[in-house]
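**Student:** turn this into a model:
(one chain, ligands or ions: 1)
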Amino acid sequence: MAYITSAALAETGYVVLDRYNQELDPKEWLDIEYNDWKSSGDTRFAPLASAFGEIECNGFWNHKPPRTDKDGVWIDSQVEKAPNLTRRAMEPGSNVGRCRVIELQPTPYGECLYNLHQDDNNRLNPDGTGWVVRGFFNLTDDTESFFVLRENRTDPEGEVRIALPAGAQLIIDTQRLWHAATHVGTDPRYCLITSWTSGPELDAYIAKYNGMNHVESVEVPQDVLDAGYAEQARKDAARAAYYAAKGQQAKLAMSEA
Ligand SMILES: [Fe+2]
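**Tutor:** Down below sits the predicted model:
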């Protein structure tokens with residue numbers, strides 16, 4: 001047995017879809033309710049679908065009974081305030097697990113590298129069923145910001161940096177790829193994140209919007225990259241020292257975002 005996966009994601013672990021015309025929609029992400037949820041970086045989250053339809057963001061496996069990241073329950077009060085976001089999350093027609101808007105405060109490149117993590121979307125996912133991947137719809141027009149993808153958390157070789165203007169639409173195997181966002185600017189970035197189950201519906205959606213599994217990386221000056229690598233190493237060392245002092249092994253800044 002093996003998981004059902006998308007051929008489009010097989011090579012690079014991501015696809016970038018056609019850009020959505022975000023400017024025509026109201027800023028629904030400003031109307032919905034947020035709660036503080038510790039993730040990588042300085043964040044808040046506003047769930048649209050959660051384990052039991054409550055305004056909370058915990059992994060479905062942390063509920064009773066524990067289950068994988070599928071069959072999210074839409075939250076009526078949030079859906080009412082964000083009909084366009086809900087429509088877009090449901091458009092592929094594949095199963096939706098967690099669905100929420102992330103609010104991320106400005107995050108420089110080095111901090112982003114420190115925040116790089118893999119998600120745990122497929123915990124308890126039964127073998128032979130669809131692999132859970134994630135959609136990222138950028139809502140704010142973050143023209144200087146970019147999503148960072150790596151196969152190895154501390155190796156910049158092959159790093160991909162995907163631009164995040166309003167309407168950018170990415171689908172990423174976030175359990176395979178290390179990922180985090182560099183957010184430049186003074187205002188928070190907002191992005192709709194949806195857990196989707198791989199299968200023919202998601203494949204058709206990726207094809208319909210011309211999913212590209214290779215994109216040109218956002219250009220960043222070499223000195224900024226080098227400073228970022230140094231900052232990641234410095235923060236990793238500080239974290240390791242902190243845990244060593246407590247007699248524990250350092251844990252990575254794992255999170256759900
Ligand atoms: Fe994540």
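**Student:** please enumerate the helices of this protein.
**Tutor:** Along the chain, counting by DSSP state H, helices occupy 7-10, 76-81, 83-90, 109-115, 200-208, 222-245.
**Student:** around the closest residue to the ion within the stretch 51-200 of the chain, how many other residues sit close by?
**Tutor:** Closest approach between the stretch 51-200 of the chain and the ion, counting by Cβ to the ion: residue 119, at 4.3 Å. C-beta here means a position set from N, CA and C on the backbone, and glycine is covered the same way. For residue 119, the neighbour count with other Cβ atoms under 10 Å is 26.
**Student:** quick check: closest non-adjacent residue to it.
**Tutor:** residue 174 (4.0 Å; Cβ to Cβ, 6 or more residues apart in numbering).
**Student:** tell me who's in contact with the one you found.
**Tutor:** Going by Cβ atoms under 8 Å, 6 or more residues apart in numbering, residue 174 touches 118, 119, 121, 133, 134.
**Student:** which members of those are the farthest-apart pair?
**Tutor:** The two members of the contacts of residue 174 with the most space between them (Cβ to Cβ) are 118 and 133, at 12.3 Å.
**Student:** so what sits against both of those two?
**Tutor:** With Cβ under 8 Å, 6+ apart, residue 118 and residue 133 have common neighbours 174, 175.
**Student:** neighbour count winner among those two?
**Tutor:** Per other Cβ under 10 Å, whichever of residue 118 and residue 133 has more neighbours is residue 133, with 27 against 17.
**Student:** for the closest residue in space to the more buried one that isn't next to it in sequence, give me phi and psi.
**Tutor:** Nearest non-adjacent residue to residue 133, counting by Cβ to Cβ, 6+ apart: residue 173, 5.0 Å away. With angles defined as degrees, to the nearest 10, residue 173 sits at phi -80, psi 90.
**Student:** what number of residues lie near residue 173?
**Tutor:** 25.
**Student:** please apply the same query to residue 175.
**Tutor:** 18.
**Student:** likewise for residue 123?
**Tutor:** Neighbours of residue 123 (other Cβ under 10 Å): 16.
**Student:** kindly report the same for the one 4 residues further on.
**Tutor:** By the criterion of other Cβ under 10 Å, residue 127 has 8 neighbours.
**Student:** close to the ion: what parts of the stretch 101-250 of the chain are there?
**Tutor:** Residues of the stretch 101-250 of the chain lying close to the ion by Cβ under 5 Å from the ion are 119, 174.
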